[in-house]
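>>> Here is my input; please provide its structure:
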Amino acid sequence: MGDVMMMLGTNLIMLIGMMLVLWAISIPLKDVSFIDSFWAFGFILVAGLSFLLTPDGAAERRLLLLALTTIWGLRLGGYLFWRWRKEGPDKRYAAMFKHVKPEARHWHSFKFVFMLQAVLLWIVSLPVQLGQISTTPAALGPLALAGAALALIGIFFESVGDWQMAKFKADPESAGKVMDRGLWRYTRHPNYFGDACVWWGLYLIAAETQIGWAAILGPILLTALLVKWSGAALLERGLKRSRPDYEAYIARTSGFIPMPPKSGDPS
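Okay, here's the model as predicted:
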């Protein structure tokens, strides 16, 4: 148990340090939007540090967790960084600071953006932390293989969904319209659904070990964040106001899990 607490504590200290640096960078920029990309990169750091701190863990499982987390984090973090550089400050963060006095904004962002995300990231990443500790089973079993398949499906959904949305936004004729083609025809949030699949998949890989099953709080928290808090719910409030056809899109399209559209789909 001492080794577990040491690894968890070391990872938390590393994340707090990373967020302190990013907070300091945000002050002259007067923008915190870049934190979304470093949220994804932070998981790679956690997975990598956990890998270094668990040399006695099962090699196959450690490598699989590190590889999948790295692929997911580089893809998502790179895309979000590109989007931030292209589109500028995120409107959601602007809304967060709307009623905060200018002199209090840096302290507000320190507490409710950077430090909060450090803690959330640490909890969500529990599967790639605890899953690397155990030495048994040494080989990957059916649960881990199913988890790897689920994670790859999630990466596919995220990647394709983000590519389709970027292509849609780049078309001048899409201004003011609702994206309801490709994966977006079957779920209003293929990127968030893919994100959830990745972390439930990583959890299944970890859950095959003696202690990894205890990491279930990670995917539960991430799914709640995506569906109820900072993800779909927050995004859709703005879209209902800015897109006249969005209510009709909601009526015919699944909110999260991909499903055939209901009657009324224009396709």
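>>> can you give me the helices in the protein?
Using DSSP state H, the helices of the chain run over 2-29, 35-53, 59-87, 91-96, 105-109, 116-124, 126-130, 142-170, 190-207, 217-228, 232-242, 246-252.
>>> With mean neighbour count, distance to Met259 and mean pLDDT added, can I get these in TSV?
The way it works is simple: take the backbone N, C-alpha and C, and place the C-beta from them, glycine included. Listed next are the helices of the chain as TSV, based on neighbours: other C-beta atoms under 10 Å; distance: least, C-beta to C-beta, whole Å; pLDDT from 0 to 100:
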stretch	mean neighbour count	distance to Met259	mean pLDDT
helix 2-29	15	36	95
helix 35-53	20	27	96
helix 59-87	18	24	96
helix 91-96	14	27	81
helix 105-109	16	38	91
helix 116-124	19	26	97
helix 126-130	28	27	98
helix 142-170	18	14	97
helix 190-207	26	11	97
helix 217-228	18	15	94
helix 232-242	14	15	74
helix 246-252	16	10	90
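>>> Present those helices as JSON lines; the columns should include distance to Ser263.
Output for the helices of the chain, formatted as JSON lines (distance: least, C-beta to C-beta, whole Å):
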{"stretch": "helix 2-29", "distance to Ser263": "47"}
{"stretch": "helix 35-53", "distance to Ser263": "36"}
{"stretch": "helix 59-87", "distance to Ser263": "34"}
{"stretch": "helix 91-96", "distance to Ser263": "33"}
{"stretch": "helix 105-109", "distance to Ser263": "45"}
{"stretch": "helix 116-124", "distance to Ser263": "37"}
{"stretch": "helix 126-130", "distance to Ser263": "39"}
{"stretch": "helix 142-170", "distance to Ser263": "23"}
{"stretch": "helix 190-207", "distance to Ser263": "21"}
{"stretch": "helix 217-228", "distance to Ser263": "25"}
{"stretch": "helix 232-242", "distance to Ser263": "21"}
{"stretch": "helix 246-252", "distance to Ser263": "7"}
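>>> Among these, which comes closest to Gly182?
Gly182 lies closest to helix 142-170 among the helices of the chain, at 4.2 Å (C-beta to C-beta).
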